[in-house]
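Asker: Structure, please.
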Amino acid sequence: MDLIHRISRQFEDSARVKLDALEALAAPIAGAVEIMIGSLLNNGKILACGNGGSAADAQHFAAELVNRFEMERPPLAAIALTTDTSTLTSIANDYDFTQVFSKQVRALGHPGDVLLAISTSGNSPNVIEAIAAAHEREMRVIALTGNGGGHINALLGDDDVHLCVPAQRTARIQEVHLLTLHCLCDGIDCLLLGVEDQ
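Answerer: Now for the predicted structure:
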């Protein structure tokens, strides 16, 4: 096995998928930034959820908003619904794992808040339930998916934004999700602080 060749191919594939995704995702990412900044400026918050690597992405995004991304600014209201183990395990134990995010959305979400729902397949049952709960609470949804969007694709309304990576491999989808999250953070900072193009 030629490890150098395999590593080179991983880098090349990742770069190719990111460039292919640019045309499909640039405008929806900009729309998502505007929705998020609108919520934040009106005392709203962003709730983020996902499983596995997507849980890590939800936590990463919330940390970038609450602390900071690349520029100094006031902290912004964001909560990762993946971090409270007592809440997660009590819901999963007493009810069902599919409700671990939706019950938190119903408890913490308010009209005008935003749900950032991350699922590489678009089929995660607990993320799907969180989207339903967000709609009940009159929240807008920003969905990060891949592989055609799965079941989530059909659940989103006209006021939601679907950021669907045009790829099938989970690793490639996750890599574009991370770039997308950084684009969201950068866009929020630029609109909030009035930064000109660099």
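Asker: alpha carbons only for contacts and neighbour counts from here, please
Answerer: OK.
Asker: Only the buried residues of stretch 137-152, if you could.
Answerer: Across stretch 137-152, burial judged by 16 or more other Cα atoms under 10 Å covers 137, 139-150, 152.
Asker: Straight-line length of it, end to end?
Answerer: Length of stretch 137-152, first residue to last, Cα to Cα, to the nearest Å: 18 Å.
Asker: Stretch 43-62 now?
Answerer: By Cα to Cα, the extent of stretch 43-62 from end to end equals 16 Å.
Asker: Which residues does that stretch contact?
Answerer: Identification of contacts with stretch 43-62 by Cα atoms under 8 Å, 6 or more residues apart in numbering yields 36, 39-40, 76-83, 101, 105, 109-110, 112-120, 124, 127, 174, 177-178, 181-182, 185.
Asker: what about dumping the CA coordinates of stretch 190-198 to CSV?
Answerer: Taking C-alpha atoms only, stretch 190-198 is exported to CSV below (Å, rounded to 0.1, in the frame of the first residue of the first chain):
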residue,chain,number,x,y,z
CYS,A,190,-18.6,40.8,9.3
LEU,A,191,-22.3,41.8,9.4
LEU,A,192,-22.2,42.4,13.1
LEU,A,193,-19.0,44.5,13.0
GLY,A,194,-19.5,46.1,9.6
VAL,A,195,-16.3,44.7,8.2
GLU,A,196,-15.5,45.5,4.6
ASP,A,197,-14.3,42.8,2.2
GLN,A,198,-10.7,41.8,2.7
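Asker: what's the model's confidence in that stretch, averaged?
Answerer: Average pLDDT, stretch 190-198: 80.
Asker: How far off centre is it?
Answerer: Centroid separation between stretch 190-198 and its chain, computed with Cα atoms, centre = their mean, to the nearest Å, is 22 Å.
Asker: Any chance you could list what contacts it?
Answerer: Contact with stretch 190-198 is made by 37, 73, 189, as judged by Cα under 8 Å, 6+ apart.
Asker: and if you look at stretch 13-28?
Answerer: Here stretch 13-28 makes contact (Cα under 8 Å, 6+ apart) with 161, 162, 163, 164, 165, 166, 167, 172, 175, 176.
Asker: Give me the nearest residue to the first one, chain neighbours excluded.
Answerer: Closest residue in space to residue 161, ignoring its immediate chain neighbours: residue 142 at 4.9 Å, by Cα to Cα, 6 or more residues apart in numbering.
Asker: Which strands and helices lie in contact with the helix or strand containing the one you found?
Answerer: If you go by DSSP states H and E, residue 142 is part of strand 140-146. Contacts defined by 3 or more Cα pairs under 8 Å, 6 or more residues apart in numbering; DSSP states H and E place strand 140-146 against strand 114-118, helix 125-136, strand 161-165, helix 170-193.
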